[in-house]
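Undergrad: Would you be able to build a 3D model of this:
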Amino acid sequence: MAENKEEMNAITISNVTKQFKVFLDKGQSLKERLLFKNRNRYENRIVLDDISLTIKKGEAVGLVGHNGCGKSTLLKLMTRILYPEKGVVDVKGRVSSLIELGAGFHPDMSGRENIYTNASIFGLTKSEIDKRLDDIIEFSELEEFIDNPVRTYSSGMYMRLAFSVAINVDADVLLIDEILAVGDANFQAKCFNKLQQIKASGTTIVIVSHSLGQIEAFCDRSIWINKGKIVADGLPRDIHPQYLDYMGEMRNEQNMKEKAKAESKQAKEAQEAKAASEEAEEAKAEEAKQEEEAPEVKKRWGNGDARISKVTIFDANGKEKNVFHVGSKIVIKVDYKVKKMVKDAVFGIGIFRADGVNCYGTNTRIDRIDEFNITRDGTVELTMERVDLLPGKYLVDLAIECGDGIPVDYYKEACAFETYSPRGDVGIVRIEQSWDFPDKP
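TA: A predicted model of the protein is given here:
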């Protein structure tokens, strides 16, 4: 029984560890290496850490994870381009890889000659290549250029020829690394259909891609790798939301660090300015004020009776962040300072896509908040229970007005946030819907 299970597995990865020497500052020449020995310092970086997995025959699997997590390294171990420090990589049958398209091409040889060279690398004999030659040329759509040297090809032509060779070798295992965007839109659709045919024929396929939509449309299973470890393994629709939430948190933490760094820099500059002489301090403060407010002139206007002093964005749990899953609750907190009483005050918001498209706008008058005045410094919070803006970056305008739309402080692009989602719907906003087929048999 165990033997039957093993026979069903096309790829078996058992306790595999892979590490690389990463030189901190390596000399390029022999002279530099002898004179500057300290430059030869390096660290051993573990890229894959005791990974184990099995992939069944005929299964289509997607590998997902952020840059540097070990996805491509794992794929190269499967192709035997690399070998592990520890563990066993067992791949059964003929392997075709689309990792570096056209890696075996010679620029001075014709496209036809390179087909023979490249296909032989994948293990085909001359007679096998002869049988497939017409199909490869036809699929590449390069009939009139096939006898020209490939150095005369455009990058798109080069990649089309390489792709055509790789998918026509009748491989048992096909490994693909971030190269499904080959050629124009029509050729991409043609490639995708061909891959579907290859999958239907029982070929085992492993794809590394940052396009989660491609993996969801094509793969039966997703494996999420992070820091050299397998974090999750299962159906794409179950794994991808977890991965996107993690990436969202990563982006949010990075944004918070950048914000803290900028605030620290500002505080340091303020201390340095304070330590200077009174006369120099006044001159520098005035100059800094002019430099700081110069780009803001076009972004803020109003009579100045009140001014927005700080804007902070929170999630449903009160955590400060600016990256959200589509459909999240978002709270925007606005601190303001009052110089002079603002009668019949109105607070407003406008949300714009990065390309300038107006996505939403409202204010306290539109929302029928009773008329009020603001006489002292304070805070207002706007809670948006469900923000269904589709993935992208959004800029937020905030405004304080009075009376019949008189601007007190209009703050253009006062803050920004991003949204993300594993779904492939397009446009500006998500509209929840359902499909019904009453006449379906």
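
Undergrad: Contacts only, for residue 146.
TA: For residue 146, the contacting residues are 110, 111, 112, 137, 140, taking Cβ atoms under 8 Å, 6 or more residues apart in numbering as the criterion. (Glycine included, C-beta is placed from N, CA and C.)

Undergrad: Contact partners for residue 272?
TA: The neighbours of residue 272, taking Cβ under 8 Å, 6+ apart as the test, come to nothing; the list is empty.

Undergrad: any idea what sits nearest the residue sitting nearest the centre point of the chain, other than its immediate chain neighbours?
TA: The centre of the chain sits closest to residue 210, judged by Cα atoms, centre = their mean, with a distance of 6.2 Å. By the measure of Cβ to Cβ, 6 or more residues apart in numbering, the closest residue to residue 210 outside its immediate chain neighbours is residue 178, 7.1 Å from it.

Undergrad: Provide a list of residues in contact with residue 14.
TA: By Cβ under 8 Å, 6+ apart, the contact list for residue 14 reads 52, 87, 88, 89, 90.

Undergrad: at 7 Å what do you get?
TA: Each residue near residue 14 by Cβ atoms under 7 Å, 6 or more residues apart in numbering is listed here: 52, 87, 88.

Undergrad: can you check residue 13 too?
TA: Counting by Cβ under 7 Å, 6+ apart, residue 13 has contacts 51, 52, 53, 89.

Undergrad: In helices, which of the contacts of residue 146 appear?
TA: 111, 112, 137, 140 (DSSP state H).

Undergrad: Would you check which pair of those residues lies furthest apart?
TA: Checking the ones in helices among the contacts of residue 146 against each other with Cβ to Cβ, the farthest-apart pair comes out as 112 and 140, at 10.8 Å.

Undergrad: Please identify which of those two sits among more neighbours.
TA: Relative neighbour count places residue 140 above the other of residue 112 and residue 140, with 23 against 16, counting by other Cβ atoms under 10 Å.

Undergrad: Contact partners for that one?
TA: With Cβ under 7 Å, 6+ apart, residue 140 has these contacts: 160, 161, 164.

Undergrad: Now do it against residue 114, distance only.
TA: The span separating residue 140 from residue 114 equals 11 Å under the rule Cβ to Cβ, to the nearest Å.

Undergrad: residue boundaries of the strands in the stretch 151-300 of the chain?
TA: Using DSSP state E, counting those that start in this stretch, the strands found in the stretch 151-300 of the chain span residues 173-177, 204-208, 221-226, 229-234, 300-301.

Undergrad: what about residue 124, distance to residue 98?
TA: Plainly put, residue 124 is 16 Å away from residue 98 if you go by Cβ to Cβ.

Undergrad: what about this protein, any weak spots by pLDDT?
TA: 1-7, 23-41, 100-104, 179-183, 273-298, 441 (pLDDT under 70).

Undergrad: Neighbour-wise, which one of the contacts of residue 14 leads?
TA: Top of these by neighbour number is residue 87, holding 16 neighbours under the definition other Cβ under 10 Å.

Undergrad: does that residue sit in a helix, a strand or a coil?
TA: The three-state label for residue 87, taken from DSSP: H, G, I helix; E, B strand; the rest coil, comes out as strand.

Undergrad: Name the nearest residue to it, ignoring sequence neighbours.
TA: In this structure, residue 87 finds its nearest non-sequential neighbour in residue 16, 3.5 Å apart by Cβ to Cβ, 6+ apart.

Undergrad: and whichever helix or strand that neighbour is part of, which strands flank it?
TA: Taking DSSP states H and E as the criterion, residue 16 maps to strand 9-23. In the sheet containing strand 9-23, the strands it pairs with under DSSP bridges are strand 42-56 (antiparallel), strand 86-91 (antiparallel).

Undergrad: How about exporting that strand as CSV, limited to the C-alpha atoms?
TA: These are the backbone C-alpha positions of strand 9-23, laid out as CSV (Å, rounded to 0.1, in the frame of the first residue of the first chain):
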residue,chain,number,x,y,z
ASN,A,9,3.6,11.0,-6.0
ALA,A,10,5.4,12.8,-8.9
ILE,A,11,7.5,14.9,-6.5
THR,A,12,8.6,14.1,-3.0
ILE,A,13,10.6,16.7,-0.9
SER,A,14,11.9,15.2,2.3
ASN,A,15,13.5,17.3,5.0
VAL,A,16,15.2,19.6,2.5
THR,A,17,17.5,22.4,3.7
LYS,A,18,19.2,24.8,1.3
GLN,A,19,21.5,27.7,2.3
PHE,A,20,23.7,30.2,0.4
LYS,A,21,26.8,32.1,1.3
VAL,A,22,26.0,35.8,1.1
PHE,A,23,29.1,37.9,1.0
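
Undergrad: Return the set of buried residues in that strand.
TA: Of the residues in strand 9-23, those buried by neighbour count under the rule 16 or more other Cβ atoms under 10 Å are 9, 10, 11, 13, 16, 18, 19.

Undergrad: distance of the last one from residue 69?
TA: In this structure, residue 19 lies at 14 Å from residue 69, with Cβ to Cβ as the measure.

Undergrad: Kindly report the same for residue 306.
TA: The spacing between residue 306 and residue 69, counted by Cβ to Cβ, is 48 Å.

Undergrad: Could you do residue 170 as well?
TA: Summarising the geometry, the distance separating residue 170 from residue 69, computed by Cβ to Cβ, is 32 Å.

Undergrad: quick revisit: and which of the ones in helices among the contacts of residue 146 is nearest to residue 249?
TA: For those, the minimum distance to residue 249 (Cβ to Cβ) is 43.2 Å, reached by residue 140.

Undergrad: In space, what's closest to the closest one - neighbours in sequence excluded?
TA: Looking at residue 140 with Cβ to Cβ, 6+ apart, the closest residue is residue 164, at 3.9 Å.

Undergrad: The one you found touches residue 138, doesn't it?
TA: No - using Cβ atoms under 7 Å, residue 164 makes no contact with residue 138, being 8.5 Å away.

Undergrad: and these two? which has more neighbours close in?
TA: residue 164 (25 against 12).

Undergrad: Please, where are all the helices along this structure?
TA: Along the chain, the segments classed as helices by DSSP H run 2-8, 30-35, 71-79, 111-121, 126-140, 155-166, 185-200, 212-218, 236-275, 278-293.

Undergrad: Those: which one's closest to residue 45?
TA: That would be helix 71-79 among these, by Cβ to Cβ, at 10.7 Å.

Undergrad: ok, residues contacting the closest one?
TA: Applying Cβ under 7 Å, 6+ apart, the set of residues contacting helix 71-79 is 11, 16, 18, 47-48, 51, 63, 65, 82, 84, 89, 91, 95, 97, 99, 175, 177, 206, 208, 225.

Undergrad: Now do the buried residues in that helix.
TA: 71, 72, 73, 74, 75, 76, 77, 78, 79.

Undergrad: Okay, angle between that helix and strand 9-23 too, please.
TA: Regarding helix 71-79 and strand 9-23, their directions subtend 120 degrees when assessed with axes from the mean of the first three to the mean of the last three Cα atoms, to 10 degrees.
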